[in-house]
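K.L.:
sequence plus the predicted model coming up.
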Amino acid sequence: MELLNETHAPALRSWVRSANQSGCDFPIQNLPFGVFRRVGSEEAFRAGVAIGDQILDLQQLQDSGVVAGEAAEALAACQGDTLNSLMALGQPAWSALRLALSRALREGAAEAGQLQACLLPQADAEYKLPATIGDYTDFYTSIHHATRVGSLFRPDNPLLPNYKWVPIGYHGRSSSIGISGQQFRRPLGQTKAPDAEVPSLGPCKRLDYELELGIYIGAGNELGEPIALDAADNHVFGLCLFNDWSARDIQAWEYQPLGPFLSKSFASTVSPWVITLEALAPYRTAWQRDSADPQPLSYLESAQNRASGALDIQLEVLLQTAQMREAGEPACRLSASNFRDSYWSIAQMVSHHSINGCNLKPGDFFGSGTQSGPEQSESGSLLELSQGGKQPITLPNGETRTFLADGDSVILRGCCEKAGAPRIGFGEVVATVLPAVEL
Ligand code: CA
(Lines give C-alpha, C1' and ligand atoms only; values in the text may rest on other atoms or scores of the structure.)
Protein backbone atom coordinates (compact mmCIF):
# COMPACT_ATOMS: atom_id res chain seq x y z
CA MET A 1 0.00 0.00 0.00
CA GLU A 2 1.26 3.46 -0.86
CA LEU A 3 1.54 5.40 2.38
CA LEU A 4 0.59 8.77 0.92
CA ASN A 5 -2.53 9.59 -1.12
CA GLU A 6 -4.65 12.59 -2.07
CA THR A 7 -5.87 13.04 1.55
CA HIS A 8 -2.33 14.03 2.62
CA ALA A 9 -1.80 16.79 0.02
CA PRO A 10 -0.38 19.77 1.97
CA ALA A 11 -2.28 22.25 -0.23
CA LEU A 12 -5.73 20.91 0.73
CA ARG A 13 -7.97 23.42 2.46
CA SER A 14 -11.38 23.01 4.08
CA TRP A 15 -14.55 25.06 3.79
CA VAL A 16 -14.47 24.90 7.61
CA ARG A 17 -12.29 27.99 7.89
CA SER A 18 -10.77 27.30 11.32
CA ALA A 19 -9.19 24.13 9.88
CA ASN A 20 -6.98 26.28 7.62
CA GLN A 21 -5.40 28.39 10.36
CA SER A 22 -1.72 27.77 10.96
CA GLY A 23 -1.10 25.91 14.20
CA CYS A 24 -4.50 24.21 14.07
CA ASP A 25 -4.40 20.65 15.48
CA PHE A 26 -7.15 19.40 13.20
CA PRO A 27 -6.62 20.47 9.58
CA ILE A 28 -8.35 18.54 6.78
CA GLN A 29 -5.35 16.19 6.52
CA ASN A 30 -5.93 14.95 10.11
CA LEU A 31 -9.60 13.90 10.47
CA PRO A 32 -9.40 12.12 13.86
CA PHE A 33 -12.35 10.20 15.32
CA GLY A 34 -13.99 10.66 18.72
CA VAL A 35 -17.27 10.19 20.58
CA PHE A 36 -19.08 13.28 21.83
CA ARG A 37 -22.33 15.03 22.71
CA ARG A 38 -23.42 18.58 23.50
CA VAL A 39 -21.90 19.48 26.87
CA GLY A 40 -24.21 19.13 29.85
CA SER A 41 -26.97 17.62 27.70
CA GLU A 42 -28.80 14.31 27.97
CA GLU A 43 -28.17 13.66 24.27
CA ALA A 44 -26.86 10.26 23.23
CA PHE A 45 -23.09 10.15 22.71
CA ARG A 46 -22.23 9.67 19.04
CA ALA A 47 -19.22 9.47 16.75
CA GLY A 48 -17.67 12.57 15.21
CA VAL A 49 -14.62 13.77 13.33
CA ALA A 50 -12.65 16.85 14.39
CA ILE A 51 -12.21 19.50 11.71
CA GLY A 52 -10.72 22.84 12.77
CA ASP A 53 -12.51 23.93 15.95
CA GLN A 54 -15.65 21.98 14.94
CA ILE A 55 -16.92 18.39 15.10
CA LEU A 56 -18.57 16.78 12.09
CA ASP A 57 -21.42 14.68 13.52
CA LEU A 58 -21.23 11.27 11.81
CA GLN A 59 -24.80 10.39 12.69
CA GLN A 60 -26.06 13.52 10.96
CA LEU A 61 -23.65 12.88 8.09
CA GLN A 62 -25.20 9.44 7.65
CA ASP A 63 -28.70 10.94 7.70
CA SER A 64 -27.68 13.49 5.05
CA GLY A 65 -27.11 10.65 2.57
CA VAL A 66 -24.16 12.36 0.87
CA VAL A 67 -21.70 9.48 1.49
CA ALA A 68 -21.95 6.45 -0.83
CA GLY A 69 -20.15 3.21 -1.63
CA GLU A 70 -17.59 1.53 0.65
CA ALA A 71 -17.32 4.73 2.68
CA ALA A 72 -21.06 4.52 3.41
CA GLU A 73 -20.58 1.03 4.85
CA ALA A 74 -17.83 2.37 7.10
CA LEU A 75 -20.03 5.31 8.07
CA ALA A 76 -22.85 2.93 8.95
CA ALA A 77 -20.42 1.25 11.39
CA CYS A 78 -19.95 4.61 13.17
CA GLN A 79 -23.53 4.74 14.43
CA GLY A 80 -23.80 4.21 18.20
CA ASP A 81 -21.64 5.46 21.02
CA THR A 82 -18.37 3.60 20.37
CA LEU A 83 -16.01 3.20 17.43
CA ASN A 84 -15.50 -0.55 17.97
CA SER A 85 -17.55 -1.54 14.89
CA LEU A 86 -15.60 0.84 12.67
CA MET A 87 -12.33 -0.43 14.18
CA ALA A 88 -13.36 -4.03 13.37
CA LEU A 89 -13.91 -3.27 9.67
CA GLY A 90 -10.21 -2.93 8.94
CA GLN A 91 -7.89 -0.62 7.09
CA PRO A 92 -9.51 -0.48 3.60
CA ALA A 93 -12.82 0.64 5.16
CA TRP A 94 -11.13 3.28 7.36
CA SER A 95 -9.30 4.57 4.33
CA ALA A 96 -12.45 4.74 2.19
CA LEU A 97 -14.23 6.77 4.89
CA ARG A 98 -11.24 9.08 5.30
CA LEU A 99 -11.22 9.77 1.56
CA ALA A 100 -14.97 10.51 1.51
CA LEU A 101 -14.63 12.84 4.53
CA SER A 102 -11.66 14.60 2.95
CA ARG A 103 -13.56 15.20 -0.31
CA ALA A 104 -16.74 16.37 1.45
CA LEU A 105 -14.87 18.81 3.71
CA ARG A 106 -12.65 20.31 1.00
CA GLU A 107 -12.97 23.87 -0.16
CA GLY A 108 -15.43 23.93 -3.05
CA ALA A 109 -17.13 20.62 -2.12
CA ALA A 110 -20.69 20.48 -3.42
CA GLU A 111 -21.79 19.03 -0.05
CA ALA A 112 -20.59 22.04 1.95
CA GLY A 113 -23.99 23.70 2.28
CA GLN A 114 -25.67 20.51 3.43
CA LEU A 115 -22.91 19.53 5.88
CA GLN A 116 -22.76 22.94 7.56
CA ALA A 117 -25.72 21.75 9.65
CA CYS A 118 -23.76 18.66 10.80
CA LEU A 119 -21.15 20.71 12.70
CA LEU A 120 -20.92 21.35 16.44
CA PRO A 121 -18.22 23.63 17.92
CA GLN A 122 -15.74 21.64 20.01
CA ALA A 123 -16.19 24.30 22.71
CA ASP A 124 -19.78 23.07 23.11
CA ALA A 125 -18.92 19.36 23.32
CA GLU A 126 -18.07 16.77 25.95
CA TYR A 127 -16.51 13.40 25.25
CA LYS A 128 -16.52 9.81 26.38
CA LEU A 129 -14.10 6.97 25.72
CA PRO A 130 -14.08 6.48 21.95
CA ALA A 131 -14.12 2.69 22.26
CA THR A 132 -15.14 0.00 24.68
CA ILE A 133 -11.65 -1.08 25.67
CA GLY A 134 -11.47 -4.81 26.21
CA ASP A 135 -7.90 -5.49 27.18
CA TYR A 136 -5.23 -2.95 28.03
CA THR A 137 -1.54 -3.80 27.68
CA ASP A 138 1.18 -1.45 28.89
CA PHE A 139 4.53 -1.57 27.11
CA TYR A 140 7.87 -0.11 28.19
CA THR A 141 9.37 0.97 24.86
CA SER A 142 11.54 3.95 25.82
CA ILE A 143 15.05 2.73 26.53
CA HIS A 144 15.86 6.18 27.91
CA HIS A 145 13.06 5.87 30.48
CA ALA A 146 13.99 2.27 31.28
CA THR A 147 17.65 3.20 31.72
CA ARG A 148 17.00 6.30 33.83
CA VAL A 149 14.54 4.53 36.12
CA GLY A 150 16.72 1.42 36.27
CA SER A 151 19.76 3.47 37.24
CA LEU A 152 17.91 4.84 40.28
CA PHE A 153 17.70 1.28 41.63
CA ARG A 154 20.68 -0.43 39.95
CA PRO A 155 23.30 2.24 39.12
CA ASP A 156 25.78 -0.31 37.76
CA ASN A 157 23.29 -2.33 35.74
CA PRO A 158 20.25 -0.21 34.88
CA LEU A 159 18.83 -2.32 32.03
CA LEU A 160 17.76 -5.90 32.68
CA PRO A 161 19.17 -8.45 30.20
CA ASN A 162 15.88 -8.99 28.34
CA TYR A 163 15.25 -5.33 27.50
CA LYS A 164 17.04 -5.21 24.16
CA TRP A 165 15.42 -8.46 22.96
CA VAL A 166 11.81 -8.30 24.14
CA PRO A 167 9.27 -5.46 23.80
CA ILE A 168 8.55 -5.59 27.55
CA GLY A 169 4.94 -5.23 28.67
CA TYR A 170 2.38 -6.30 31.24
CA HIS A 171 -1.40 -6.67 31.26
CA GLY A 172 -3.04 -3.59 32.73
CA ARG A 173 -6.59 -2.83 33.71
CA SER A 174 -9.13 -1.19 31.39
CA SER A 175 -11.97 -0.41 33.83
CA SER A 176 -10.23 2.67 35.26
CA ILE A 177 -9.25 4.23 31.92
CA GLY A 178 -11.06 7.57 31.68
CA ILE A 179 -11.46 10.37 29.19
CA SER A 180 -9.69 13.74 29.39
CA GLY A 181 -11.14 15.80 32.22
CA GLN A 182 -10.94 12.82 34.56
CA GLN A 183 -10.61 13.62 38.26
CA PHE A 184 -9.46 10.82 40.47
CA ARG A 185 -8.64 10.34 44.12
CA ARG A 186 -5.07 9.87 45.21
CA PRO A 187 -4.86 6.11 45.68
CA LEU A 188 -4.56 4.42 49.03
CA GLY A 189 -2.15 1.57 49.19
CA GLN A 190 0.30 -0.52 51.09
CA THR A 191 3.82 0.87 51.26
CA LYS A 192 6.92 0.09 53.22
CA ALA A 193 9.60 2.66 53.96
CA PRO A 194 13.15 1.24 53.69
CA ASP A 195 13.75 1.73 57.44
CA ALA A 196 10.31 0.51 58.56
CA GLU A 197 9.87 -2.95 59.99
CA VAL A 198 6.40 -3.52 58.57
CA PRO A 199 4.33 -1.95 55.79
CA SER A 200 1.36 0.33 56.40
CA LEU A 201 -1.75 1.51 54.55
CA GLY A 202 -2.04 5.15 53.57
CA PRO A 203 -2.34 7.66 50.74
CA CYS A 204 0.28 7.34 48.02
CA LYS A 205 3.14 9.78 48.71
CA ARG A 206 4.93 9.43 45.37
CA LEU A 207 2.17 9.99 42.81
CA ASP A 208 3.43 10.43 39.25
CA TYR A 209 2.21 10.84 35.68
CA GLU A 210 3.54 8.94 32.64
CA LEU A 211 3.78 10.63 29.23
CA GLU A 212 2.63 7.94 26.81
CA LEU A 213 0.93 7.35 23.51
CA GLY A 214 -2.15 5.13 23.48
CA ILE A 215 -2.67 2.71 20.61
CA TYR A 216 -6.14 1.42 19.61
CA ILE A 217 -6.23 -1.97 17.90
CA GLY A 218 -8.55 -2.15 14.90
CA ALA A 219 -9.17 -5.48 13.21
CA GLY A 220 -8.06 -8.32 15.47
CA ASN A 221 -6.54 -11.75 14.88
CA GLU A 222 -7.83 -15.26 15.51
CA LEU A 223 -6.60 -17.02 18.63
CA GLY A 224 -3.51 -19.00 17.68
CA GLU A 225 -2.67 -16.92 14.60
CA PRO A 226 0.19 -14.45 15.11
CA ILE A 227 0.22 -11.13 13.23
CA ALA A 228 3.24 -10.84 10.94
CA LEU A 229 5.36 -7.73 11.41
CA ASP A 230 4.59 -6.24 7.99
CA ALA A 231 0.84 -6.80 8.46
CA ALA A 232 0.81 -5.28 11.95
CA ASP A 233 0.07 -1.67 11.00
CA ASN A 234 -3.13 -2.78 9.27
CA HIS A 235 -4.36 -3.93 12.70
CA VAL A 236 -3.83 -0.50 14.30
CA PHE A 237 -6.75 1.95 14.08
CA GLY A 238 -5.00 4.96 15.58
CA LEU A 239 -3.22 6.75 18.40
CA CYS A 240 -4.06 9.12 21.23
CA LEU A 241 -2.30 10.79 24.15
CA PHE A 242 -2.23 8.69 27.28
CA ASN A 243 -1.40 9.55 30.88
CA ASP A 244 -0.78 6.33 32.76
CA TRP A 245 -0.72 7.57 36.36
CA SER A 246 1.57 5.68 38.70
CA ALA A 247 1.93 5.31 42.47
CA ARG A 248 5.68 4.85 42.74
CA ASP A 249 5.81 4.00 46.44
CA ILE A 250 3.04 1.41 46.16
CA GLN A 251 4.76 -0.02 43.08
CA ALA A 252 8.14 -0.32 44.79
CA TRP A 253 6.69 -2.55 47.51
CA GLU A 254 4.26 -4.67 45.45
CA TYR A 255 5.95 -5.24 42.11
CA GLN A 256 8.12 -8.26 42.77
CA PRO A 257 7.82 -10.92 41.46
CA LEU A 258 4.74 -10.40 39.22
CA GLY A 259 4.99 -6.74 38.21
CA PRO A 260 2.82 -3.67 38.82
CA PHE A 261 -0.66 -4.21 40.26
CA LEU A 262 -2.56 -1.60 42.32
CA SER A 263 0.10 1.04 41.70
CA LYS A 264 -1.20 1.35 38.12
CA SER A 265 -4.86 0.36 38.12
CA PHE A 266 -6.45 3.34 39.93
CA ALA A 267 -6.62 5.67 36.88
CA SER A 268 -5.29 6.20 33.36
CA THR A 269 -6.47 9.02 31.10
CA VAL A 270 -6.86 9.21 27.29
CA SER A 271 -7.32 12.21 24.99
CA PRO A 272 -10.67 12.41 23.14
CA TRP A 273 -9.46 12.19 19.53
CA VAL A 274 -8.02 9.08 17.87
CA ILE A 275 -5.48 10.06 15.20
CA THR A 276 -5.48 7.39 12.49
CA LEU A 277 -2.22 5.80 11.38
CA GLU A 278 -3.13 6.94 7.86
CA ALA A 279 -3.16 10.59 8.97
CA LEU A 280 0.30 10.08 10.48
CA ALA A 281 1.81 8.62 7.27
CA PRO A 282 3.77 11.81 6.37
CA TYR A 283 5.55 11.50 9.72
CA ARG A 284 6.76 7.94 9.33
CA THR A 285 10.49 7.73 9.61
CA ALA A 286 13.24 5.13 9.71
CA TRP A 287 13.28 2.78 12.70
CA GLN A 288 16.85 2.37 13.83
CA ARG A 289 18.74 0.03 16.08
CA ASP A 290 22.23 0.94 17.21
CA SER A 291 24.69 -1.43 15.53
CA ALA A 292 26.32 -2.08 18.93
CA ASP A 293 22.98 -3.42 20.26
CA PRO A 294 21.45 -6.85 19.61
CA GLN A 295 19.52 -6.78 16.34
CA PRO A 296 15.87 -7.95 16.54
CA LEU A 297 14.98 -11.62 16.17
CA SER A 298 13.62 -12.30 12.68
CA TYR A 299 9.90 -12.05 13.62
CA LEU A 300 10.59 -8.45 14.74
CA GLU A 301 12.75 -7.53 11.73
CA SER A 302 11.76 -6.33 8.25
CA ALA A 303 12.85 -3.87 5.58
CA GLN A 304 9.48 -2.11 5.89
CA ASN A 305 9.91 -1.65 9.64
CA ARG A 306 13.47 -0.35 9.10
CA ALA A 307 12.32 2.09 6.41
CA SER A 308 9.22 3.56 8.03
CA GLY A 309 8.46 1.87 11.38
CA ALA A 310 9.08 4.92 13.58
CA LEU A 311 6.82 7.96 13.97
CA ASP A 312 8.01 11.53 14.51
CA ILE A 313 5.53 12.70 17.16
CA GLN A 314 6.46 15.58 19.47
CA LEU A 315 5.15 15.16 23.02
CA GLU A 316 5.06 17.47 26.02
CA VAL A 317 3.92 17.54 29.65
CA LEU A 318 2.52 20.58 31.42
CA LEU A 319 1.51 21.09 35.05
CA GLN A 320 -1.02 23.48 36.58
CA THR A 321 -1.12 23.40 40.37
CA ALA A 322 -4.17 24.46 42.38
CA GLN A 323 -2.29 27.63 43.38
CA MET A 324 -1.56 28.46 39.74
CA ARG A 325 -5.20 27.83 38.80
CA GLU A 326 -6.47 30.10 41.58
CA ALA A 327 -4.03 32.85 40.54
CA GLY A 328 -5.16 32.53 36.92
CA GLU A 329 -1.69 31.40 35.85
CA PRO A 330 -1.31 29.08 32.87
CA ALA A 331 0.13 25.58 33.04
CA CYS A 332 3.93 25.40 32.84
CA ARG A 333 5.90 22.95 30.72
CA LEU A 334 7.78 20.25 32.60
CA SER A 335 9.38 18.39 29.71
CA ALA A 336 9.17 17.38 26.05
CA SER A 337 10.19 14.26 24.13
CA ASN A 338 9.61 12.54 20.79
CA PHE A 339 8.11 9.13 20.02
CA ARG A 340 10.71 8.54 17.28
CA ASP A 341 13.15 7.75 20.13
CA SER A 342 11.11 4.67 21.09
CA TYR A 343 13.25 1.51 21.14
CA TRP A 344 10.44 -0.58 19.59
CA SER A 345 7.99 0.36 16.84
CA ILE A 346 4.22 0.00 17.06
CA ALA A 347 4.34 -2.84 14.52
CA GLN A 348 6.87 -4.66 16.69
CA MET A 349 4.59 -4.27 19.73
CA VAL A 350 1.62 -5.73 17.82
CA SER A 351 3.60 -8.56 16.29
CA HIS A 352 5.31 -9.48 19.56
CA HIS A 353 1.99 -9.36 21.47
CA SER A 354 0.49 -11.96 19.13
CA ILE A 355 3.53 -14.20 18.52
CA ASN A 356 2.30 -16.65 21.19
CA GLY A 357 -1.12 -16.79 19.52
CA CYS A 358 -2.76 -14.24 21.80
CA ASN A 359 -5.78 -12.75 20.03
CA LEU A 360 -6.17 -8.98 19.86
CA LYS A 361 -9.66 -7.53 19.49
CA PRO A 362 -11.09 -4.29 18.05
CA GLY A 363 -10.85 -1.61 20.74
CA ASP A 364 -8.02 -3.29 22.63
CA PHE A 365 -5.56 -0.71 23.85
CA PHE A 366 -1.78 -0.49 24.25
CA GLY A 367 0.18 2.04 26.27
CA SER A 368 3.52 2.81 24.65
CA GLY A 369 5.26 3.11 28.00
CA THR A 370 6.61 6.41 29.28
CA GLN A 371 8.27 8.25 26.41
CA SER A 372 11.51 9.84 27.56
CA GLY A 373 14.26 11.16 25.31
CA PRO A 374 18.01 10.79 25.65
CA GLU A 375 18.41 14.00 27.70
CA GLN A 376 17.44 14.20 31.38
CA SER A 377 15.26 17.22 30.48
CA GLU A 378 13.28 14.95 28.12
CA SER A 379 12.04 12.76 30.97
CA GLY A 380 8.40 11.67 30.69
CA SER A 381 7.83 11.23 34.43
CA LEU A 382 8.51 13.07 37.70
CA LEU A 383 10.36 10.00 38.97
CA GLU A 384 13.05 10.77 36.39
CA LEU A 385 12.84 14.59 36.50
CA SER A 386 13.24 14.62 40.30
CA GLN A 387 15.81 11.82 40.21
CA GLY A 388 13.79 9.52 42.38
CA GLY A 389 12.43 12.35 44.54
CA LYS A 390 15.88 13.64 45.50
CA GLN A 391 15.92 16.77 43.31
CA PRO A 392 12.80 18.99 43.65
CA ILE A 393 11.61 20.88 40.57
CA THR A 394 10.95 24.59 41.07
CA LEU A 395 7.90 25.91 39.20
CA PRO A 396 7.63 29.49 37.82
CA ASN A 397 5.54 30.61 40.83
CA GLY A 398 8.12 29.31 43.32
CA GLU A 399 6.27 26.12 44.29
CA THR A 400 8.31 22.94 44.20
CA ARG A 401 7.45 19.35 43.33
CA THR A 402 9.13 16.01 43.58
CA PHE A 403 5.84 14.16 43.03
CA LEU A 404 2.25 15.36 42.46
CA ALA A 405 0.23 17.26 45.06
CA ASP A 406 -3.55 17.22 45.49
CA GLY A 407 -5.17 19.67 43.09
CA ASP A 408 -2.44 19.30 40.47
CA SER A 409 -3.67 19.07 36.87
CA VAL A 410 -1.36 17.38 34.37
CA ILE A 411 -1.76 18.15 30.67
CA LEU A 412 -0.19 16.15 27.84
CA ARG A 413 -0.01 17.52 24.31
CA GLY A 414 1.31 16.07 21.08
CA CYS A 415 1.75 17.09 17.48
CA CYS A 416 3.57 16.26 14.27
CA GLU A 417 5.17 19.16 12.44
CA LYS A 418 7.76 19.57 9.69
CA ALA A 419 8.36 21.72 6.63
CA GLY A 420 6.29 20.73 3.60
CA ALA A 421 3.76 18.62 5.50
CA PRO A 422 0.47 19.47 7.18
CA ARG A 423 0.56 19.81 10.98
CA ILE A 424 -1.17 16.85 12.62
CA GLY A 425 -2.17 17.65 16.20
CA PHE A 426 -3.36 15.31 18.94
CA GLY A 427 -5.21 17.92 21.01
CA GLU A 428 -4.60 17.37 24.69
CA VAL A 429 -5.42 15.22 27.68
CA VAL A 430 -5.89 16.78 31.09
CA ALA A 431 -6.71 15.21 34.46
CA THR A 432 -6.63 16.32 38.08
CA VAL A 433 -5.58 14.70 41.34
CA LEU A 434 -8.13 14.84 44.17
CA PRO A 435 -7.36 14.16 47.84
CA ALA A 436 -7.38 10.54 48.97
CA VAL A 437 -10.37 8.95 50.68
CA GLU A 438 -10.08 9.62 54.41
CA LEU A 439 -9.05 6.54 56.34
CA1 CA B 1 2.77 2.94 31.81
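P.N.:
The structure has been received and is ready for your questions.
K.L.:
how about residues contacting the lengthiest helix in the chain?
P.N.:
For the chain, the helix with the greatest residue count under DSSP state H is helix 91-105. Residues from elsewhere that reach helix 91-105, judged by Cβ atoms under 8 Å, 6 or more residues apart in numbering: 1, 5-7, 12, 14-16, 19, 28-29, 31, 49, 51, 56, 61, 66-67, 69-75, 77-78, 86, 109, 111, 115, 218-219, 234, 237, 276, 278-279. Every C-beta, even on glycine, is put in place using the N, C-alpha and C of the backbone.
K.L.:
just the ones of the residues you listed in strands?
P.N.:
49, 51, 56, 237, 276 (DSSP state E).
K.L.:
for the fourth one, give me its contacts.
P.N.:
With contacts defined as Cβ under 8 Å, 6+ apart, F237 is in contact with 83, 86-87, 94, 216-218, 274, 276-277, 362.
K.L.:
ok, now the third one?
P.N.:
Under the criterion of Cβ under 8 Å, 6+ apart, the contact partners of L56 comprise 48-50, 101, 105, 115, 118-119.
K.L.:
closest one of the residues you listed to the ion?
P.N.:
Each of the contacts of L56 was checked against the ion using Cβ to the ion; the closest is A50, at 25.8 Å.
K.L.:
from L334, how far out is the closest one?
P.N.:
26 Å (Cβ to Cβ, to the nearest Å).
K.L.:
farthest-separated two in the contacts of L56?
P.N.:
For the contacts of L56, the maximum inter-member distance is 14.3 Å, found between A50 and L115 (Cβ to Cβ).
K.L.:
let me know the outermost residue of this structure.
P.N.:
E197 (40.0 Å; Cα atoms, centre = their mean).
K.L.:
quickly find the element holding it.
P.N.:
E197 belongs to no helix or strand when assigned by DSSP states H and E.
K.L.:
ok, now how distant is it from the ion?
P.N.:
For E197, the distance to the ion equals 31 Å [Cβ to the ion, to the nearest Å].
K.L.:
ok, now which ones touch the residue in the chain that the ion sits nearest to?
P.N.:
Distances between the chain and the ion by Cβ to the ion are smallest at D244, namely 3.6 Å. Residues in contact with D244 (Cβ under 8 Å, 6+ apart) are 138, 172, 209-210, 212, 264, 268, 367, 370.
K.L.:
one more time with 7 Å
P.N.:
138, 210, 212, 264, 268, 367 (Cβ atoms under 7 Å, 6 or more residues apart in numbering).
K.L.:
ok, and the most crowded of those?
P.N.:
Per-residue neighbour counts (other Cβ atoms under 10 Å) across the contacts of D244 peak at E212, which has 30 neighbours.
K.L.:
any idea what that residue is bridged to?
P.N.:
According to DSSP bridges, the partner residues bridging E212 are F242.
K.L.:
isn't it up against F242?
P.N.:
Yes: between E212 and F242 there is a contact at 4.2 Å, judged by Cβ atoms under 7 Å.
K.L.:
overlap in contacts of those two?
P.N.:
Contacts common to E212 and F242, judged by Cβ under 7 Å, 6+ apart, are G367.
K.L.:
sort out for me which of the contacts of F237 are in helices.
P.N.:
Per DSSP H, those map to helices at 86-87, 94.
K.L.:
redo these as TSV? Include neighbour count.
P.N.:
Output for the ones in helices among the contacts of F237, formatted as TSV (neighbours: other Cβ atoms under 10 Å):
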residue	neighbour count
L86	28
M87	29
W94	24
